[in-house]
Every structure is written in C-alpha cells, then in structure tokens.
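Participant: here's a sequence, model it:
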Amino acid sequence: MNRLAWCAVFLLSCAREPTTPSAPAAPNAPSITDPMPKEMRAALRRVEGIRELKATKPIFGKYISRPDLLAMLRKHAADELPPEALVHEELVLKLLGAIPTEYAFVESQFQTLGAEIAGLYVPIDKTMYLLSDLDPQEAEATLLHELVHALQDQHFDLRNRIHYKKGSGDALSAASALGEGDATYVMLSAVGAPPTPALLRLAITERMKSKSSIPEYIGNSLSSSYIYGYEFAYTLARDGGMGMLNHAWERPPTTSEQILHTAKWRLNEPALPIAAPAMDHKVDDDSLGELGLRLYLELGGSKHDAAIAAAGWGGDRGALSVFGETVQFAWHYRADSDAQGSPALVLGELASVFRRDGTIDNTNGVVCVNRAKGGPLAAVQRGLDVWLVAGPTSSRTWQSQATCADARTALAKLISATAP
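Facilitator: The predicted structure follows:
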C-alpha cells in the first residue's frame, strides 16, 4: 500500500478529470454552508437519487485554495501516520527498485497530490473542501464526488472504516478502493452514462503517463483506488444495483484480491495467513496484497502478464530490517492452491522486473541481479511459495553491501526458519 496515497484517500479525495484543464482561480469563491446554496441542493438531489441514499443531516463545506489543500494533506499525514511509516515505505520501495534511490519520495508525492486532487471530504470534521480554481465542469464533478463521500460517511461511518492501522496495508487498500470506486461511479453516472472500466482505466493511465517526473510505480499506485475501485463498484451496480453496493459496505472487502475479483468478495475468501519473514532488527512488516504485487510486477513491462501472475495471490508478508544505516527487505508469498497464476509465473515476472537492473544470475534456481546501488535483488520458488530478498545496502549512500551469493544464503536461511 502507498501510505501517503492512503492519506489522500482517507480524506476521500476527488482526482482531477483526466482531460479537463484547470481554470484560473475564482476570486472570492463563496463558502458552502447550511442551508445549502441552490446549486448544491440540486447536486445533492441528483446524488441521492442515483445512490439511493438520503442525507440524514446537513452537509457542510468550503472552497479553499490549492496551497491550503496541500497544507491540509501535510497536516493529515502528520496527524494520522506514525513518523516512521513513510520512512519505512520509502526504504522498501527503493530496496525493491520500484522508485529511484535519489527520488524525494515524500515531498514529490505531496506535490503530485496537491496538483492532482480537486476536492476532499474529511470524515473527522464532516466537511467537504472544494478547490476554488476549478472550471464549471470540473467543479460540478468534484462536488458530486464529494457529496457521495458525505453520504457514505453518514450511512457507513467512514472515520472508523478507513484509518491507518500498522501492518494492515492491503485491507486499507481495499477499503480505500471501495470508497473511491463508489464515489467515482456515482459521479460519472450523474454527468452521463458511466464509462466501462476499461475506458476509465485508459483515460487515467494516459494522464499519469503524461507526468514524466513521476515514477511509474508511484503514478500507478496513486490512481489504483480509482481505477480498480471503480471496476468493483461498476460490476456490483451492474449486477445488483445500489443495494449490492450497500451490501459491500455492510460486508466490506478485506483484501485487494476481493476488489480485483468480485467473485472472491462474494465468497468472502480471506487471505492465507502468512507470518512475517524472520529477520533480525525488524522494524516493520506489511502485506503487498494482490494489487500491490500486480503494480510491482507491471514494472517488468507487461500489465497483462503481471495481472495473470498476480491473480494467483493467496497471501503475502514483507519485513523491513534496519540496523544503523544498513537496510534489507524480505518477502514471502504464497499462491492459492487453485490459483490461475502459478508461483512460477510470479517468479518469471519478478525476473522481468529484476532484469531492468542488469543480467540475471540463475544459479540453483534463484533469480538474482547484482546492483551497485540497492544491493542484490533475488527470488526463488518453493512449491506454492515465492521468497524474495532485497539488499542489504546502505540507506545513506545506497551502495551494495552484498552479492547474489549472499542473497542465496539469506533466502535459504529465511526458508529454513519458516514452519512448514
């Protein structure tokens, strides 16, 4: 899970329309208060009619400037995330090669979110915040989107459903996708016929591609709640209307696998229990989930192949070790016994990701690449399981402190320390 992206989603944000340009700032934009302005009451009636939920209390909001919105995101991250959470995530992503070692992870994401988000609904103070520099079309879409979040909060208690819990990254990804998918589906239904999930995915993906300064993994993770949450909501609404979407809130998806495969949600299929890899000096552990794995495998070059391989996900757990400035990451994945995507496919896609950094060493079935920065990146399959190690390396210089031979030894130690 992208923890800073979660902060924005926790605030229930509306991303900007993929093809709509920004208008100049509207001077002296009025505050939205109760009683609602006429145009807001009309928008609420549209949302209530489509979503088949009635507002149970007044909905408040205000227009804010872009700098104020960015300041709100920064404050929320400071209030909701432990100080070390973003530090640990940055270390893991750099160890995995998902982002460059020189990438300013936290500040760059703040700047991206500040530029892309058009509005927020904050469950803590029950208030919508809409940017004051939007053109009429963008402002309408943002208002519709945030009104859905307000209704979600009144009926399903967002504050207690979507808040940071250490080690629960995949469950939080699922909760975020449900909230954003629901709101995006209703918003698009209110302005016309909702597009197919494939068309929305294409529009968002093309927009993120235009942001050349954003690493591919970051761009994809920032948009994933909207893309895959929309597909989940679209499928449920098509098959069972708003009643089915309400049922999803009453029995919410607990994994990103359930978001990606509605059949898994209908069956209430849980994740397989996976213990964190046994590491000295472990400071954090969490699950990538099927979605996180899929986004990482996409770095190998094929979204299609990544999706097929990740579809076999049964459970996973990664652990970060920090000792002084030496850092290392280990990950344990297990496929469903009836998985369509076999562990061999996961290993093959991991090799494609590793290959970006050099020639693959395939000694004894362990795929590995020696990296001058980041240390060795290695993985091996054992039955339904795949194991991965990244590093050790220096978190200050990122110079490698090991080789593929060391990585093979580390993998053998991890596997032997795990109960069958």
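Participant: quick check: chain neighbours aside, which residue is closest to Leu414?
Facilitator: Pro277 (5.2 Å; Cβ to Cβ, 6 or more residues apart in numbering). All C-beta atoms are positioned from the backbone trio N, CA, C, and that covers glycine.
Participant: how many neighbouring residues does that neighbour have?
Facilitator: Using other Cβ atoms under 10 Å, Pro277 has 26 neighbouring residues.
Participant: so what's it up against?
Facilitator: Asp285, Arg317, Gly318, Ala319, Ala330, Trp331, His332, Trp387, Leu414, Ala417, Thr418 (Cβ atoms under 8 Å, 6 or more residues apart in numbering).
Participant: of the residues you listed - the most surrounded one?
Facilitator: Trp331 (27 neighbours).
Participant: doesn't that one fall inside a strand?
Facilitator: Yes: counting by DSSP: H, G, I helix; E, B strand; the rest coil, Trp331 is found in a strand.
Participant: go through the contacts of Pro277 and name the one nearest Val380.
Facilitator: Trp387 (5.5 Å; Cβ to Cβ).
Participant: wait, is that closest one part of a strand?
Facilitator: Yes: judged by three-state DSSP, Trp387 forms part of a strand.
Participant: please name the bridge partners of it.
Facilitator: Note on Trp387: beta-bridge partners by DSSP bridges are His332, Val380.
Participant: against Pro343, how distant is it?
Facilitator: 10 Å (Cβ to Cβ, to the nearest Å).
Participant: okay, and the common contacts of those two?
Facilitator: Common neighbours of Trp387 and Pro343 (Cβ under 8 Å, 6+ apart) are Tyr333.
Participant: Tyr63 contacts Met128, correct?
Facilitator: No: using Cβ atoms under 8 Å, Tyr63 is not in contact with Met128; the gap is 9.6 Å.
Participant: which of those two has more neighbours?
Facilitator: Met128 (24 against 21).
Participant: ok, the more buried one - contacts?
Facilitator: 32, 59-62, 119-122, 143, 146-147, 149-150.
Participant: same deal with Glu84?
Facilitator: Going by Cβ under 8 Å, 6+ apart, the list of residues near Glu84 reads Val283, Asp284.
Participant: show me how far the helix or strand containing it is from its chain's centre.
Facilitator: Assigned by DSSP states H and E, Glu84 belongs to helix 83-96. In terms of Cα atoms, centre = their mean, to the nearest Å, the gap separating the centre of helix 83-96 from the centre of its chain is 15 Å.
Participant: same question for whatever helix or strand comes next after that helix, mean pLDDT?
Facilitator: The helix or strand immediately downstream of helix 83-96 is helix 105-116, counting by DSSP H and E. Helix 105-116 comes out with an average pLDDT of 86.
Participant: next one: stretch 229-240
Facilitator: 98.
Participant: now do the helices in the stretch 151-300 of the chain.
Facilitator: Taking DSSP state H, counting those that start in this stretch, the helices of the stretch 151-300 of the chain run over residues 158-161, 169-191, 197-209, 216-250, 256-260, 262-267, 289-297.
Participant: out of the ones you listed, which gets nearest to Phe323?
Facilitator: helix 169-191 (23.1 Å).
Participant: list the buried ones in the host helix or strand of Ala71?
Facilitator: If you go by DSSP H and E, Ala71 is part of helix 66-80. Residues of helix 66-80 classed as buried: Arg66, Leu69, Leu70, Met72, Leu73, Arg74, His76, Ala77, Glu80 (neighbour count, 16 or more other Cβ atoms under 10 Å).
Participant: next one: stretch 235-243
Facilitator: For stretch 235-243, by 16+ other Cβ under 10 Å, it's Thr235, Leu236, Ala237, Met242.
Participant: give me the contacts around it.
Facilitator: By Cβ under 8 Å, 6+ apart, stretch 235-243 touches Ile50, Arg51, Glu52, Leu53, Tyr185, Pro197, Met244, Leu245, His247, Ala248, Thr262.
Participant: from these, which two are the most distant?
Facilitator: Leu53 and Pro197 (22.6 Å).
Participant: domains in the protein, as residue ranges please.
Facilitator: 3-267, 282-416 (automatic domain parsing).
Participant: first-to-last residue distance for the shortest one?
Facilitator: With Cα to Cα, to the nearest Å as the measure, the first residue of domain 282-416 is 18 Å from its last.
Participant: if we can go back for a sec, quick check: which of the contacts of Pro277 has the minimum pLDDT.
Facilitator: Thr418 (83).
Participant: contact partners for it?
Facilitator: So Thr418 contacts Ala275, Pro277, Ala278, His332 (Cβ under 8 Å, 6+ apart).
Participant: the first one contacts Asp316, correct?
Facilitator: Spelled out, that is Ala275. No: in this structure Ala275 lies outside contact range of Asp316 using Cβ under 8 Å: 10.9 Å.
Participant: which one's more surrounded, these two?
Facilitator: Counting neighbours by other Cβ under 10 Å for Ala275 and for Asp316 shows that Asp316 has the greater number, 25 against 12.
Participant: which SS class is that one?
Facilitator: strand.
Participant: count the residues that sit near the closest residue in space to it that isn't next to it in sequence.
Facilitator: Leaving aside its sequence neighbours, Asp316 sits nearest to Tyr333 (Cβ to Cβ, 6+ apart; 4.4 Å). Residues lying near Tyr333 (other Cβ under 10 Å) number 28.
Participant: let me know the secondary structure of Ser321.
Facilitator: Once three-state DSSP is applied, Ser321 turns out strand.
Participant: ignore what I typed, I meant Ser337.
Facilitator: coil.
Participant: who touches the closest residue to it other than its chain neighbours in this structure?
Facilitator: Of all residues beyond its chain neighbours, the one nearest Ser337 is Leu384 (6.7 Å), with distances taken as Cβ to Cβ, 6+ apart. Shown in contact with Leu384 (Cβ under 8 Å, 6+ apart): Gly314, Arg334, Ala335, Ser337, Ala339, Pro343.
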